[in-house]
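Novice: 3D model of this:
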Amino acid sequence: MKVDVAVGGPELRQLSGLARLAEDIGFDSLYTAESCRAPFPWLARAAEHTTRLGLGTSMAVAPARSPMALAHLANDLQEYSRGRFVLGLGAQTRTQPWWRYGASFHPPVPRMRELIRAVRGMWRSWQNETAFVPPPHPYGPPKIYLAGVGPRMTQLAGELADGLILHGFTTARHLRETTVPALERGLRHSGRTWEDIEVAAPAFLVTGATDKAYERSERRVRQAIALYGASPAYRHVLESAGRAGLQDELASLARQGRWTEMPGRVDDELVDEVAVRGELTEIPELLVRRYGALCRRVTLMGPFHENPGVWAVLIARIHQITCEPVPS
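Specialist: Take a look at the predicted model:
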């Protein structure tokens, strides 16, 4: 199992140093998340300061950009990183594209299918045309990963994408009963197999080297569960945990602007359904136990720069127990 790291928000300003450190301590890839900053420009800086580390977006908001813009951005980063770039795309929830970008959301699955085909078609055409197209490079087109939570987008990933990016807000039952069947339908539809796709799991972790760090990670996970749980788009995840009523409660609190009360509605049992919880030394085995049968990659989120030695041991142990070659 490969071990990746996701970076977003204000940390993107330090991406050169973070990417260099991520490569040094053994991460396989680094992904930038589209939160309060665009995810693409910073990856050029990361490419300058690394030689082995894979680089990608996890994920870029697809409805906010035209297929041509995505094709150029991805092609440029693939060339600049010397073949290390992955274009990770997502549709976001119903209101996000319009609220943040003034872009239309509907219909998400047909639009994403059309976008992926258009981007790949542009890459192919650039190999033959000579006017107003990027010059050829030796690294080939980047892979396209698709973020999926619901069954229809997950099925589309199985049909067209090189990878499926799971959501950290999920449960073992949701993976078993919703994600896997939908992914298999997509693979069968396109005549592909599990060997043709990589599944990446961004994991919510409750852990820490100190009591303070452990409490901080648990607080972040509760906040994330409360935030995602308030959206109808993730209702089926709560339903898989027998908590459909919690979605109504969280949504009501959100509409009233009572954000600080929402994490308190998330109990310990639900945290354990969604997150991987344990001491740092236990995390590798726990991650492999939860995701190893489905995922070729796991994405960790956390302040790895605060204690890089501990994270290096964690990464090495995951590589060891899954028989993954150590990065070199």
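Novice: Show me what counts as buried in stretch 258-269.
Specialist: With burial defined by 16 or more other Cβ atoms under 10 Å, the residues of stretch 258-269 counted as buried are Met262, Pro263, Arg265, Val266. Where you see a C-beta, it was placed from the backbone N, CA and C, and this is true even at glycine.
Novice: hang on, isn't the last one packed against Gly229?
Specialist: Right, Val266. Yes. Between Val266 and Gly229 a contact is recorded at 7.4 Å, counting by Cβ atoms under 8 Å.
Novice: so what sits against both of the two?
Specialist: Residues touching both Val266 and Gly229 (Cβ atoms under 8 Å, 6 or more residues apart in numbering) are Leu246.
Novice: Phi and psi next, for Val86.
Specialist: The phi and psi values for Val86, taken as degrees, to the nearest 10, are phi -120, psi 130.
Novice: So what's the residue count around Val180?
Specialist: Neighbour count for Val180, taken as other Cβ atoms under 10 Å: 16.
Novice: show me the contacts for it.
Specialist: Residues in contact with Val180 (Cβ under 8 Å, 6+ apart) are Leu294.
Novice: Quick check: it vs Ala172, distance?
Specialist: 11 Å (Cβ to Cβ, to the nearest Å).
Novice: before we move on, what about Thr179?
Specialist: Thr179 is 10 Å from Ala172, by Cβ to Cβ.
Novice: These two: which has the busier surroundings?
Specialist: Thr179 (24 against 15).
Novice: For the more buried one, which residues are in contact?
Specialist: Applying Cβ under 8 Å, 6+ apart, the residues contacting Thr179 are Gly148, Pro151, Thr154, Leu166, Thr170, Leu294.
Novice: can you do 7 Å?
Specialist: Thr154, Leu166 (Cβ atoms under 7 Å, 6 or more residues apart in numbering).
Novice: Checking my notes, it in a helix, right?
Specialist: Yes. Counting by DSSP: H, G, I helix; E, B strand; the rest coil, Thr179 is found in a helix.
Novice: pLDDT wise, what is it at?
Specialist: Note on Thr179: pLDDT of 96.
Novice: before we move on, what about Ser125?
Specialist: We have a pLDDT of 93 for Ser125.
Novice: Could you check how far Met112 is from Asn128?
Specialist: In terms of Cβ to Cβ, Met112 sits 26 Å off from Asn128.
Novice: Just want to know which of those two has more residues nearby.
Specialist: Met112 (24 against 8).
Novice: The more buried one: which element?
Specialist: Using DSSP states H and E, the element containing Met112 is helix 108-125.
Novice: what element comes up after that helix heading to the C-terminus?
Specialist: Helix 108-125 is succeeded, C-terminally, by strand 143-147 (DSSP H and E).
Novice: Now do the contacts for the spatially most central residue of the chain.
Specialist: Closest residue to the average C-alpha location of the chain: Ser58 at 4.2 Å, with Cα atoms, centre = their mean. Residues in contact with Ser58 (Cβ under 7 Å, 6+ apart) are Ala6, Tyr31, Ala33, Gly88, Ile165, Thr299.
Novice: For it, which non-adjacent residue is closest in space?
Specialist: Once flanking residues are discounted, Ser58 sits nearest to Tyr31: 3.5 Å by Cβ to Cβ, 6 or more residues apart in numbering.
Novice: which residues are contacting the one helix or strand the one you found maps to?
Specialist: Element membership of Tyr31 [criterion: DSSP H and E] is strand 29-32. Contact partners of strand 29-32, identified using Cβ under 7 Å, 6+ apart, comprise 2, 4-8, 12, 19, 22, 39, 42-43, 46, 53-58, 88, 299.
Novice: same check, this time on stretch 281-295
Specialist: 1, 172, 175, 180, 199-201, 203, 205, 207, 276, 278, 298, 314, 317-318, 321-322.
Novice: Which of those fall in helices?
Specialist: Judged by DSSP state H, the subset of these located in helices is Ala172, Val180, Leu314, Arg317, Ile318, Ile321.
Novice: from the chain's centre, how far out does the helix or strand following the strand holding Tyr31 sit?
Specialist: Counting by DSSP H and E, the next helix or strand C-terminal to strand 29-32 is helix 41-48. Between the centre of helix 41-48 and the centre of its chain there are 18 Å (Cα atoms, centre = their mean, to the nearest Å).
Novice: rewinding a little: for the buried residues of stretch 258-269, which one is nearest His72?
Specialist: Using Cβ to Cβ, Met262 comes nearest to His72 of these, at 39.7 Å.
Novice: Next one: the closest one relative to Tyr214, how far apart?
Specialist: 21 Å.
Novice: Also Ala161?
Specialist: 35 Å.
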